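J.: sequence first, then the predicted structure:
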Amino acid sequence: MEIREWLAIAMFFLFIALIFTGFPVAWVLGGLAVLFTALAIVLEHDIGFYTGVDWAYSSLAVDRIWDIMHNWVLVALPMFILMGLFLDRSGIASDLMRSVARLFGRVPGGLAVTVTLIGLLLAATTGIIGASVVLLSLLGLPVMLREGYRPEFAAGTVCAVGTLGILIPPSIMLVLMADRLAMSVGDLFLGALFPGILLGVLYTLYILIYAQLQPHAAPVPAERLPLDKAAVFEVLRATLPAAGLILAVLGSIFFGVATPTEASGVGALGAAALAGAKGRLPWTVLQDVLRETTRTTGYIFGIFVGATAFSLVLRGLGGDTLISNALLGLPFGPTGTVISILFVTFMLGFVLDWIEIALIVLPLVAPVVSHLGFDLVWFTVLFAVCLQTSFLTPPVGFALFYLKGVAPSSIDVPTIYRGVVPFIGLQAAGVALIFVWPDLVTWLPEMAYGP
């Protein structure tokens, strides 16, 4: 290999190593871009090794960052974040938790099923993992522990269900992926809908089977309210506002009435209206929501800036060609190559956050998959499902830390780790089902927009 390719390899692995220092990811990415540009200049000018990277080349990052700032699709990011935070403050989830728990109170594992259903609804309205995991932890975890649920089972359920928001539309991860690959956000939203529901169904089946086999680990509540018409009416009253908001946002996208950017504005306005209608939007809450939206958006776009500079220098050093040749040279055939990519993605999820993987790794491997003849929407959704496990796998599984931050003191880190293991297996099963049954992803976009 050439010296420039060795530099590309060193740049990538040094990035992974520096993640463990706890230094802000955006600064790590940008700093490595500057460091390896300087190193490439020294090697080329002083030693004579060709690198193809200098300050004139790396300055192209400014133009690329400027293009990102002009991308109207990315306006959906702060709007979807704002929508999720408004719903978090509106009390809709807590109302749903009380009413749906009454429906499933007579079923073994019913409280865990309730958490799963609430998590699915939150996933379709917030798309913010931190908010979903924390809210489910505060609402569902104490109730399950009080009713005698095994701590590992309760913690694992909350963690896994809370991560569905990164996949089920409107997902900010899919918005980022669509931007990086110049794809339609609507195609990815439609393609991810069935896989997201599939994971929710797998979680629910596991919970019900586990509760039947281990009734002492997920017992029926001692005090059960009667299931009558009033309970059903209460569920409908609690569900309709969130369902209406989901229909307004996703329906407007799926039926071509609005772009994802426009629909995100509708969602943010609708969520604010719901919070205001419940009388839960005082000035202090509004300030808190706007401040948190700004902070989260700034964090994401800071990584955008660093990742843009990092990717540009990595490509200049031949990193994209190196990865492409390595993948195309695998002796496994096209299918084996895709499986290898997914396996590497799963392993990277142990040490990298989803944003870094989506912004750096996905743009490098997607052209290879497209060259092999696979549908890019199918692969991107498959990649997203695989990437979802990064929230559950230690040591940087953020859902684990979100839960630990608000869980009772009796729930320690080893308990959480043990609890998420079965759900990681269920996610792997979901990836396998989507892999062997591509219509789970491709059918809905084809029906909506044509092949």
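T.: Everything's here; your move. Numbers count the residues shown, from 1 in each chain.

J.: who's in contact with stretch 391-411?
T.: For stretch 391-411, contacts defined as CB atoms under 8 Å, 6 or more residues apart in numbering pick out 19, 129-130, 133-134, 137-138, 141-142, 145, 151, 155, 158-160, 162-163, 166, 346, 349-354, 390, 413, 416-417, 420, 423-424, 427. Where you see a C-beta, it was placed from the backbone N, CA and C, and this is true even at glycine.

J.: swap in stretch 348-361?
T.: Contacts of stretch 348-361 (CB under 8 Å, 6+ apart): 15-16, 19-20, 25, 29, 166, 173, 176-177, 180, 300, 303-304, 307, 310-311, 314, 345, 386-391, 393-396, 398.

J.: just these: which are in helices?
T.: Within those, residues falling in helices by DSSP state H are 15-16, 19, 25, 29, 173, 176-177, 180, 300, 303-304, 307, 310-311, 314, 345, 386-388, 398.

J.: those, buried ones only, as a PyMOL selection?
T.: In PyMOL, this line selects whichever of the ones in helices among the contacts of stretch 348-361 come out buried by 16 or more other CB atoms under 10 Å:
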select buried, resi 15+19+25+29+173+176+177+180+300+303+304+307+310+311+314+345+386+387+388+398
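
J.: Ala429 touches Leu202, doesn't it?
T.: Yes. Between Ala429 and Leu202 there is a contact under CB atoms under 8 Å: 6.4 Å.

J.: pLDDT value on the closest residue to Arg180 other than its chain neighbours, please?
T.: Counting by CB to CB, 6 or more residues apart in numbering, Arg180 lies nearest to Pro363, which is 5.1 Å off, once chain neighbours are set aside. Listed pLDDT for Pro363 reads 86.

J.: packing partners for the helix or strand Pro363 falls within?
T.: Using DSSP states H and E, Pro363 sits in helix 362-371. For helix 362-371, the packing partners by 3 or more CB pairs under 8 Å, 6 or more residues apart in numbering; DSSP states H and E come out as helix 172-181, helix 319-328, helix 333-348, helix 376-388.

J.: list the buried ones in it?
T.: Per 16+ other CB under 10 Å, helix 362-371 contains these buried residues: Leu362, Pro363, Leu364, Val365, Ala366, Val368, Val369.

J.: tabulate those (TSV), appending distance to Pro445.
T.: Converted to TSV, those look like this (distance: CB to CB, whole Å):
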residue	distance to Pro445
Leu362	19
Pro363	21
Leu364	24
Val365	21
Ala366	17
Val368	22
Val369	17
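
J.: what about Ala160, distance to Gly319?
T.: Distance, Ala160 to Gly319, using CB to CB, to the nearest Å: 34 Å.

J.: who has more neighbours out of those two?
T.: Neighbour count, other CB atoms under 10 Å: between Ala160 and Gly319, Ala160 has more, with 30 against 22.

J.: looks like the more buried one contacts Leu202 (just checking).
T.: No. In this structure Ala160 lies outside contact range of Leu202 using CB under 8 Å: 9.7 Å.

J.: what about Arg4, distance to Pro170?
T.: Relative to Pro170, Arg4 is positioned 40 Å away (CB to CB).

J.: those two: who's more crowded?
T.: Pro170 (27 against 21).

J.: can you give me the pLDDT of the more buried one?
T.: pLDDT at Pro170 comes out at 77.

J.: the one 4 residues further on now?
T.: In the prediction, the pLDDT value recorded for Leu174 is 88.

J.: how close does the spatially closest residue to it that is not a sequence neighbour get to Ile424?
T.: The shortest distance from Leu174 to any non-neighbouring residue, by CB to CB, 6+ apart, is to Leu188 (4.4 Å). Distance, Leu188 to Ile424, by CB to CB: 23 Å.

J.: same question for Ser410.
T.: Taking CB to CB, one finds Ser410 at 23 Å from Ile424.

J.: so for the two, which sits in the more crowded spot?
T.: Legend: neighbour count by other CB under 10 Å for Ser410 and Ile424, higher for Ile424 (19 against 8).

J.: how far off helix 333-348 does the helix or strand where the more buried one lies point, in degrees?
T.: In this assignment (DSSP H and E), Ile424 forms part of helix 413-436. When axes from the mean of the first three to the mean of the last three CA atoms, to 10 degrees is applied, the directions of helix 413-436 and helix 333-348 differ by 160 degrees.

J.: buried ones in helix 413-436?
T.: Quick answer for helix 413-436 (16+ other CB under 10 Å): 415-417, 419-420, 422-424, 427, 430-431, 434-435.

J.: nearest to Leu117 among those?
T.: Phe423 (15.9 Å; CB to CB).

J.: Leu202 versus that closest one, what's the distance?
T.: From Phe423 over to Leu202 the distance is 9 Å, taken as CB to CB.

J.: just the pLDDT for the most centrally placed residue in the chain.
T.: Nearest residue to the geometric centre of the chain (CA atoms, centre = their mean): Ile166, 2.7 Å. With respect to pLDDT, Ile166 scores 80.

J.: before we move on, what about Arg291?
T.: 89.

J.: now the angle from the helix or strand harbouring it to helix 362-371?
T.: For Arg291, the element it lies in under DSSP H and E is helix 283-316. Here helix 283-316 points in a direction 60 degrees away from that of helix 362-371 (the same axes, to 10 degrees).

J.: for helix 283-316, packing partners?
T.: So helix 283-316, by 3+ CB pairs under 8 Å, 6+ apart, packs with helix 3-19, helix 25-42, helix 55-58, helix 60-69, helix 76-90, helix 354-356.

J.: now those helices as TSV including mean pLDDT?
T.: Listed next are these as TSV, based on pLDDT from 0 to 100:
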stretch	mean pLDDT
helix 3-19	82
helix 25-42	87
helix 55-58	81
helix 60-69	76
helix 76-90	76
helix 354-356	75
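
J.: C-terminal to the helix or strand of the chain with the lowest mean pLDDT, what's the next element?
T.: Across the helices and strands of the chain, mean pLDDT, DSSP states H and E gives its lowest value to helix 92-103, namely a mean of 70. Scanning forward in sequence from helix 92-103 by DSSP H and E, the next helix or strand is helix 110-123.

J.: now that next one: buried residues?
T.: Residues of helix 110-123 classed as buried by neighbour count (16+ other CB under 10 Å): 110-123.

J.: quick one: distance of that helix to the chain centre.
T.: Centre-to-centre, helix 110-123 and its host chain are 17 Å apart (CA atoms, centre = their mean, to the nearest Å).

J.: same check, this time on stretch 28-44
T.: So, by CA atoms, centre = their mean, the centroid of stretch 28-44 is 31 Å from its chain's centroid.

J.: for it, give me every contacting residue.
T.: Contacts for stretch 28-44 (CB under 8 Å, 6+ apart): 3-4, 7, 10-11, 14-15, 18-19, 21, 49-55, 57-58, 61, 303, 305-307, 309-310, 312-313, 316-317, 356.
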